[in-house]
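In: my questions are about this predicted structure, shown below with the sequence.
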Amino acid sequence: MKTFISDFNKLVKLRLTLTVVFSASISFLIGAKQQGDIMWFNWLMLTIGGFLVTGAANGFNEIIEKDIDKLMKRTMDRPLPSGRMNTGQALVLSLMMGIIGTLVLVQLNFVAGLLSVFSIFLYAFVYTPLKQKSPIAVFVGAFPGALPPLIGYYAAFQSAGFGLAYAEVSEAAIVIIPLVLFGIQFLWQFPHFWAIAWVAEEDYSNAGIHLLPTTKKDNISAFMIFFSGLLMVPAGFLPMYYGFGGWVFTIVSVFGGLFFTWYGYKHMIEKTDASAKRVMYTSFLYLPLTQLILLFDFIPL
């Protein structure tokens, strides 16, 4: 049983899944504050549904990549490449999680359920096979990676069907807030994933995966990590510009963007794994911290 739990955690990429669920659940609470009513049972259902949908997408990802995972040190101990779980078992688990998770989210909100299906498809069946073909996979993967705030935010609203839930809600609350949350998480993924790709380039290259902008650890890739970090500075102003982010959030997020910029600049000069790790660790802290602060510094429109 202990082995199964450990293998299940690796199949669903537990830490990644919990990060995604955190992002969606915080966005749900922001949406709930916008409409003035926090339905905690719905929040629990979102957390469960989000966990299952994300776990399913990660499961499909590992099924598709099981042969590639055998070639990398960081992934060879996953249940499929190690032989502790077969493809059929992983497929059944992933399908069950995907179906149940989607049904739960559809019950909460039709749009949230629709976006969850789209995220599974885009992550598992577009981004995953593209990883071995082109570094454009990082751009493609940033779309499903930024959908959790949209899913969480829309799940906070009652829904009778596509487009019918929002007749009495302001356009700004239904369009601008979730799109800004999506945009910030979308931009965040570039310094995050490129820094990881720099650190893990040797391991990735064993499997024929090259996710850095030029596929190499060179000046252009280092500049792109710096530039993508720099973009987080103006991104930090967006919630205040559109009227739903307070001063505390803005100060913290802009400082976070400046940390991205500084460590990105240092990496552009040094071009070492150690300098890339500083960008990576900044990304680990930036997203959950700024999302949590926005929840408490949110101004309903």
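Out: Received the coordinates, thanks. Numbering: from 1, shown residues only.

In: look up the residues forming beta bridges with residue 298.
Out: On the basis of DSSP bridges, residue 298 is bridged to residue 245.

In: any weak-confidence spans in the stretch 1-150 of the chain?
Out: Along the stretch 1-150 of the chain, no part satisfies pLDDT under 70.

In: give me the spatial nearest neighbour of residue 60, chain neighbours excluded.
Out: Leaving aside its sequence neighbours, residue 60 sits nearest to residue 124 (C-beta to C-beta, 6 or more residues apart in numbering; 3.6 Å). Quick note: C-beta positions are derived from backbone N, CA and C, even for glycine.

In: how close does that neighbour get to residue 76?
Out: Counting by C-beta to C-beta, to the nearest Å, the gap between residue 124 and residue 76 amounts to 21 Å.

In: repeat that for residue 82.
Out: Distance from residue 82 to residue 76, by C-beta to C-beta: 7 Å.

In: ok, the closest residue to residue 242 other than its chain neighbours - contacts?
Out: Closest residue in space to residue 242, ignoring its immediate chain neighbours: residue 176 at 5.2 Å, by C-beta to C-beta, 6+ apart. Residue 176 makes contacts with 242, 244, 301, as judged by C-beta atoms under 8 Å, 6 or more residues apart in numbering.

In: buried subset of those residues as a ChimeraX selection?
Out: Only the buried entries of the contacts of residue 176 go into this ChimeraX selection, using 16 or more other C-beta atoms under 10 Å:
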select :244
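
In: from the contacts of residue 176, pick the one nearest residue 16.
Out: Nearest to residue 16 among these is residue 244, at 27.7 Å by C-beta to C-beta.

In: identify the spatial nearest neighbour of that closest one, chain neighbours not counted.
Out: Nearest non-adjacent residue to residue 244, counting by C-beta to C-beta, 6+ apart: residue 299, 5.1 Å away.

In: I figured that neighbour hits residue 249, correct?
Out: No - at 9.4 Å, residue 299 does not count as touching residue 249 under the criterion of C-beta atoms under 8 Å.

In: more neighbours: which of the two?
Out: Higher neighbour count among residue 299 and residue 249: residue 249, with 23 against 15, using other C-beta atoms under 10 Å.

In: C-alpha coordinates for whatever helix or strand that one lives in, PDB please?
Out: Assigned by DSSP states H and E, residue 249 belongs to helix 247-270. Below are the C-alpha coordinates for helix 247-270, written out as PDB (Å, rounded to 0.1, in the frame of the first residue of the first chain):
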ATOM      1  CA  TRP A 247      -1.000  48.900  -2.700                       C
ATOM      2  CA  VAL A 248       0.300  46.000  -0.600                       C
ATOM      3  CA  PHE A 249      -0.100  43.500  -3.500                       C
ATOM      4  CA  THR A 250       1.400  46.000  -6.000                       C
ATOM      5  CA  ILE A 251       4.500  46.700  -3.900                       C
ATOM      6  CA  VAL A 252       5.100  43.000  -3.200                       C
ATOM      7  CA  SER A 253       4.600  41.900  -6.800                       C
ATOM      8  CA  VAL A 254       6.700  44.700  -8.300                       C
ATOM      9  CA  PHE A 255       9.500  43.900  -5.800                       C
ATOM     10  CA  GLY A 256       9.100  40.200  -6.900                       C
ATOM     11  CA  GLY A 257       9.400  41.300 -10.500                       C
ATOM     12  CA  LEU A 258      12.600  43.300  -9.600                       C
ATOM     13  CA  PHE A 259      14.000  40.200  -8.000                       C
ATOM     14  CA  PHE A 260      13.300  38.300 -11.200                       C
ATOM     15  CA  THR A 261      15.000  41.100 -13.200                       C
ATOM     16  CA  TRP A 262      18.100  41.200 -10.900                       C
ATOM     17  CA  TYR A 263      18.700  37.500 -10.800                       C
ATOM     18  CA  GLY A 264      17.900  37.300 -14.500                       C
ATOM     19  CA  TYR A 265      20.500  40.000 -15.100                       C
ATOM     20  CA  LYS A 266      23.100  38.200 -12.900                       C
ATOM     21  CA  HIS A 267      22.400  35.000 -14.800                       C
ATOM     22  CA  MET A 268      22.800  36.800 -18.200                       C
ATOM     23  CA  ILE A 269      26.300  37.800 -17.000                       C
ATOM     24  CA  GLU A 270      27.300  34.500 -15.200                       C
END
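
In: what about it, average pLDDT?
Out: For helix 247-270, mean pLDDT is 97.

In: and for stretch 192-200?
Out: pLDDT averaged over stretch 192-200 gives 96.
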